[in-house]
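J.: Here is my input, please return the structure:
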Amino acid sequence: MGLVWFLLIGLAAGWLAGRIMKGKGFGLIGDLIVGVVGAVLGGWLFSDVLKVNVGAGIIPSLVVALIGAIILIWILRLIKKA
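T.: Model prediction:
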């Protein structure tokens, strides 16, 4: 069940990040990939780099995944411009 929640949160984070970053998103599969990779990136950033404990639950997980997905989209757009 944890994997299902992880994928659902990743999908929601990818979709939200696409809307926040003023884009059309990457489609269902693309948003899922961006959200899941963003969740991993956000988790690494918060726990290992910033040493912040965000707690457990759906909302903190979604916020961390959303921040990671926004950073990932920003990086992807920088690479696309180059």
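J.: low pLDDT regions in the chain?
T.: For the chain, residues meeting the criterion pLDDT under 70 lie at 1, 23-25, 82.
J.: buried ones in stretch 53-67?
T.: By neighbour count on 16 or more other CB atoms under 10 Å, the buried set for stretch 53-67 is 54, 61, 62, 63, 64, 65, 66, 67. No exception for glycine: its C-beta is placed from N, CA and C like everyone else's.
J.: elements contacting the lengthiest helix in the chain?
T.: Criterion DSSP state H: the longest helix present in the chain is helix 58-81. Judged by 3 or more CB pairs under 8 Å, 6 or more residues apart in numbering; DSSP states H and E, helix 58-81 is in contact with helix 2-20, helix 27-44.
J.: Put the alpha carbons of the last one into PDB.
T.: Taking only C-alpha atoms (Å, rounded to 0.1, in the frame of the first residue of the first chain), the coordinates of helix 27-44 have been written out as PDB:
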ATOM      1  CA  GLY A  27       1.200  14.200 -19.500                       C
ATOM      2  CA  LEU A  28       0.000  11.600 -17.100                       C
ATOM      3  CA  ILE A  29       3.200   9.400 -17.200                       C
ATOM      4  CA  GLY A  30       5.500  12.300 -17.400                       C
ATOM      5  CA  ASP A  31       3.900  14.000 -14.400                       C
ATOM      6  CA  LEU A  32       4.100  10.700 -12.500                       C
ATOM      7  CA  ILE A  33       7.800  10.400 -13.300                       C
ATOM      8  CA  VAL A  34       8.600  14.100 -12.500                       C
ATOM      9  CA  GLY A  35       6.600  13.700  -9.200                       C
ATOM     10  CA  VAL A  36       8.300  10.500  -8.100                       C
ATOM     11  CA  VAL A  37      11.800  11.700  -9.000                       C
ATOM     12  CA  GLY A  38      10.900  15.000  -7.400                       C
ATOM     13  CA  ALA A  39       9.800  13.200  -4.300                       C
ATOM     14  CA  VAL A  40      13.100  11.400  -4.100                       C
ATOM     15  CA  LEU A  41      15.000  14.700  -4.800                       C
ATOM     16  CA  GLY A  42      12.900  16.600  -2.200                       C
ATOM     17  CA  GLY A  43      13.400  13.800   0.400                       C
ATOM     18  CA  TRP A  44      17.100  13.800  -0.200                       C
END
